[in-house]
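K.L.:
I would like to see how this sequence folds:
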Amino acid sequence: MPDNLPRRQVLRTAGALGLGAAAAGALQTGADAVGTPDKVAAMDAQRGHGRLDIRKDPFGTTPDGQAVDVYTFTNGRVTISMLTWGATIQRVDTPDRRGHTKNISLGFDNLPDYAALSPYFGATVGRYGNRIAKGKFSIDGHAYQIPINNGENALHGGTIGFDKRVWKAKVVQSSSAVGVAFTYVSPDGEMGFPGELTSKVTYTLDKHDNLRIDYHATVTGKPTIQNLTNHVYFNLAGEGSGSIDGHILQLNAPKFTPVDAGLIPTGELTPVAGTPFDFNQPTAIGARLRDDHPQLVIGRGYDHNFVLGKAGADGMRFAARFWEPAAGRTVTVHTSQPGAQFYSGNFLDGTFQGIGNRAYRQGDAFAFETQHFPDSPNQPNFPSTVLRPGEVFTSTTVYTFGTK
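P.N.:
The predicted model follows:
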């Protein structure tokens, strides 16, 4: 933030960050939290880091009478709002390099729009995120059929997936993080899936602007398949601000899974080298978006699963970093999952408006869904998504918000 910024604007910005007047003066320095751990800690304190807080408010009621709440939690710099409807990230408010805070997540300000219009904005999707060919799969010789809702295929768990369920919520808070643990029990046979699946997804924001998502799932009765992920859409310039073509992406993936005309993987693992899918070096999302590569034609842009690089000793891998040069906001993604679907907002069509009363048009946001590969139940060479009684599925994804 420039040194000559009027004090009134400084105070207004400080208020948006949850800071008091005493801390507002620190905003005028514009200093970044870099250097020694002690220096980082001191600057965190100046900026309001460590002021962990959470509140719960009503958001609406479903037609069958279920109350939906919104939980808003903050570290004094980043603020996350989440709904019990679909365990959905509704807002992510973060400052740019000058301290100006905006919501960078696409969404709605009312429940009816989420129910009727939302293309999975911010939702926790399941039981199986991404596509299953023709909605069919088999486990141990038993065939199952999921309702199709994406052409002739099933997408994100069928016609009424986890994104359209009301999850139970419990506040989780420690000295270093705050958030919400969401739980949903999917009965045997729901949307055609076998077994009773209990999913617990915990979202926590720490003092260093890390939004951590911990997934935990168990099944009873019968083996099942599951592929839980979150479908948050980002525009780092601010929700409703236009195209993300100028966002810079570095994606740690040596290969991707090409798809057929229905966006179902062919089973190949194709090297990204020499293709528009190579983001191993930072590249603008729009730089090759309109190339005549057949995979870009099929997806109307990027809507593909990437095979991520190797995990470290802790099981986590660097997946991607997104940067919007004008405002300077960044989001860096680490995950324990083997893949991620990178989607460049190709099917946003401008027919509805979001939180900021701006129409969302093609290419106005990106999604980066950490997960197992699409159609894995029908692809024997892909990592398995089968979960059996007595087994526990866990995974972790971390979004780190920052500036550059």
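K.L.:
tell me the contacts of the residue most central in space within the chain?
P.N.:
Centroid-nearest residue in the chain: Val232, 3.5 Å away (criterion: CA atoms, centre = their mean). By CB atoms under 8 Å, 6 or more residues apart in numbering, the contact list for Val232 reads Ile89, Val92, Ser105, Phe121, Gly122, Ala367, Tyr399. No exception for glycine: its C-beta is placed from N, CA and C like everyone else's.
K.L.:
farthest-separated two in those?
P.N.:
Phe121 and Tyr399 (15.5 Å; CB to CB).
K.L.:
least confident secondary structure element in the protein?
P.N.:
helix 21-27 (a mean of 32; mean pLDDT, DSSP states H and E).
K.L.:
how about the secondary structure of Gln295?
P.N.:
What DSSP: H, G, I helix; E, B strand; the rest coil gives for Gln295 is helix.
K.L.:
and the spatially closest residue to it that is not a sequence neighbour, how far from His231?
P.N.:
In space, and not counting its chain neighbours, Gln295 is closest to Pro258: 5.5 Å by CB to CB, 6 or more residues apart in numbering. Applying CB to CB, to the nearest Å, the value for Pro258 to His231 is 22 Å.
K.L.:
more crowded one of those two?
P.N.:
Between Pro258 and His231, His231 has the larger neighbour count (other CB atoms under 10 Å), namely 25 against 19.
K.L.:
pLDDT at the spatially closest residue to the more buried one that is not a sequence neighbour, what is it?
P.N.:
Residue nearest to His231 in three dimensions, not counting chain neighbours: Tyr120, with 4.0 Å by CB to CB, 6+ apart. Tyr120 is assigned 96 on the pLDDT scale.
K.L.:
Tyr120 sits in which helix or strand?
P.N.:
If you go by DSSP states H and E, Tyr120 is not part of any helix or strand.
K.L.:
residue ranges in this structure under the pLDDT threshold?
P.N.:
Applying pLDDT under 70 to the chain flags residues 1-50.
K.L.:
and the gap between Trp85 and Asn150?
P.N.:
Trp85 is 21 Å from Asn150, by CB to CB.
K.L.:
repeat for Ala181
P.N.:
Ala181 is 30 Å from Asn150, by CB to CB.
K.L.:
Gly356 now?
P.N.:
Distance from Gly356 to Asn150, by CB to CB: 28 Å.
K.L.:
before we move on, what about Val70?
P.N.:
Using CB to CB, Val70 is found at 28 Å from Asn150.
K.L.:
comparing those two, which residue is more hemmed in?
P.N.:
Taking neighbours as other CB under 10 Å, Val70 and Asn150 compare with Val70 leading, 21 against 16.
K.L.:
what bridges to that one?
P.N.:
Asp57, Leu83 (DSSP bridges).
K.L.:
correct me, but it touches Ile80?
P.N.:
No. The pair Val70 / Ile80 is not scored as a contact, 10.5 Å apart, by CB atoms under 8 Å.
K.L.:
domains of the chain?
P.N.:
Using automatic domain parsing, the domain parsing of the chain gives 1-48, 52-404.
K.L.:
from those, which stretch is densest packed?
P.N.:
Ranked by mean neighbour count under mean count of other CB atoms under 10 Å, those are led by domain 52-404, which reaches a mean of 19.
K.L.:
end to end, how far does it reach?
P.N.:
24 Å (CA to CA, to the nearest Å).
K.L.:
how about stretch 340-352?
P.N.:
With CA to CA, one end of stretch 340-352 sits 27 Å from the other.
K.L.:
run the chain-centre distance for it.
P.N.:
13 Å (CA atoms, centre = their mean, to the nearest Å).
K.L.:
same check on stretch 227-235?
P.N.:
Worked out by CA atoms, centre = their mean, stretch 227-235 lies 3 Å from the chain centre.
K.L.:
kindly report the same for stretch 157-171.
P.N.:
Mean-position distance between stretch 157-171 and its chain equals 15 Å (CA atoms, centre = their mean).
K.L.:
restricting to C-alpha, output it in PDB.
P.N.:
Taking Å, rounded to 0.1, in the frame of the first residue of the first chain, the C-alpha atoms of stretch 157-171 are listed here in PDB:
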ATOM      1  CA  GLY A 157     -21.800 -38.100  -8.300                       C
ATOM      2  CA  GLY A 158     -24.900 -38.000 -10.500                       C
ATOM      3  CA  THR A 159     -28.000 -35.900 -10.600                       C
ATOM      4  CA  ILE A 160     -28.100 -35.300  -6.800                       C
ATOM      5  CA  GLY A 161     -24.500 -35.400  -5.600                       C
ATOM      6  CA  PHE A 162     -22.900 -34.300  -2.400                       C
ATOM      7  CA  ASP A 163     -23.000 -30.700  -3.600                       C
ATOM      8  CA  LYS A 164     -26.800 -30.700  -3.200                       C
ATOM      9  CA  ARG A 165     -26.800 -32.300   0.300                       C
ATOM     10  CA  VAL A 166     -26.900 -30.500   3.600                       C
ATOM     11  CA  TRP A 167     -23.800 -31.500   5.600                       C
ATOM     12  CA  LYS A 168     -23.500 -31.500   9.400                       C
ATOM     13  CA  ALA A 169     -21.000 -29.000  10.600                       C
ATOM     14  CA  LYS A 170     -18.800 -28.700  13.700                       C
ATOM     15  CA  VAL A 171     -16.400 -25.800  14.500                       C
END
